[in-house]
Every structure is written in C-alpha cells, then in structure tokens.
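In: Give me the fold of what follows.
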Amino acid sequence: MPVCRSLGDGIYEVRTSLAQNRIARILFYIDKKSRMVLLHGFIKKTPKTPDEDLVLARRNKASIKRGLI
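Out: A predicted model of the protein is given here:
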C-alpha cells in the first residue's frame with residue numbers, strides 16, 4: 001500500500017508505523033500555496049479509515065477555509 005493516498009474531497013491520508021506494532025494516520029490537504037495543512041491524526045485500529053475521523057477532517061478543512069481555525 002502506498003504511504004499516501006487520496007480519500008476524496010482533496011483530503012489525503014499519510015501512514016506511518018509506530019513502536020509496538022501500531023499504525024498512525026494523518027489526514028491533510030494541500031492549500032493554494034502548496035502547503036500541507038494537517039487536519040486530524042489518529043492511531044488506526046481498523047482496516048478502513050473510520051467515517052468519524054474523515055468527517056472530522058472535512059469539518060476542520062471547512063473551518064480553516066472559513067478562517068475559523
């Protein structure tokens with residue numbers, strides 16, 4: 001599996017392995033100035049990215065674009 005993949009709506013997931021056989025995920029998007037904007041991070045416990053984590057990332061992206069964060 002690639003280290004980074006698209007989750008739709010301009011949101012991407014980057015994966016990394018941690019100690020004790022844990023897997024971390026960071027959800028992000030690339031802004032108009034080509035900067036990586038980190039939206040949400042979590043320790044992955046299921047094969048699929050949990051819907052609530054993706055919803056939170058989308059909400060954070062919308063808040064950032066409105067200038068609230």
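
In: what residue is smack in the middle of the chain?
Out: Taking Cα atoms, centre = their mean, the centroid of the chain lies closest to residue 27, which sits 0.7 Å from it.

In: just checking, what packs against the helix or strand that contains that one?
Out: Assigned by DSSP states H and E, residue 27 falls within strand 22-30. Based on contacts counted as 3 or more Cβ pairs under 8 Å, 6 or more residues apart in numbering; DSSP states H and E, the elements that strand 22-30 packs against are strand 11-18, strand 36-44, helix 51-65. The way it works is simple: take the backbone N, C-alpha and C, and place the C-beta from them, glycine included.

In: Go through the last one and flag the buried ones.
Out: When burial is assessed from 16 or more other Cβ atoms under 10 Å, helix 51-65 yields the following buried residues: 53-54, 57-58, 60-61.

In: ok, of those, which one's closest to residue 7?
Out: In terms of Cβ to Cβ, no member of the buried residues of helix 51-65 lies closer to residue 7 than residue 54, at 6.2 Å.

In: quick one: the closest one from residue 61, how far?
Out: Using Cβ to Cβ, to the nearest Å, one obtains 11 Å as the distance from residue 54 to residue 61.

In: how about the most far-flung residue of the chain relative to its centre, what does it touch?
Out: Here the centre of the chain is the reference, and by Cα atoms, centre = their mean the most remote residue is residue 20, at 21.8 Å. Contacts for residue 20 (Cβ atoms under 8 Å, 6 or more residues apart in numbering) come out as none.

In: a helix runs through it, doesn't it?
Out: Yes. Residue state for residue 20 (DSSP: H, G, I helix; E, B strand; the rest coil) corresponds to a helix.

In: how far away is it from residue 27?
Out: As defined by Cβ to Cβ, residue 20 lies at a distance of 22 Å from residue 27.

In: For residue 61, give me its contacts.
Out: Residue 61 is in contact with 9-11, 29, 37, 39, counting by Cβ under 8 Å, 6+ apart.
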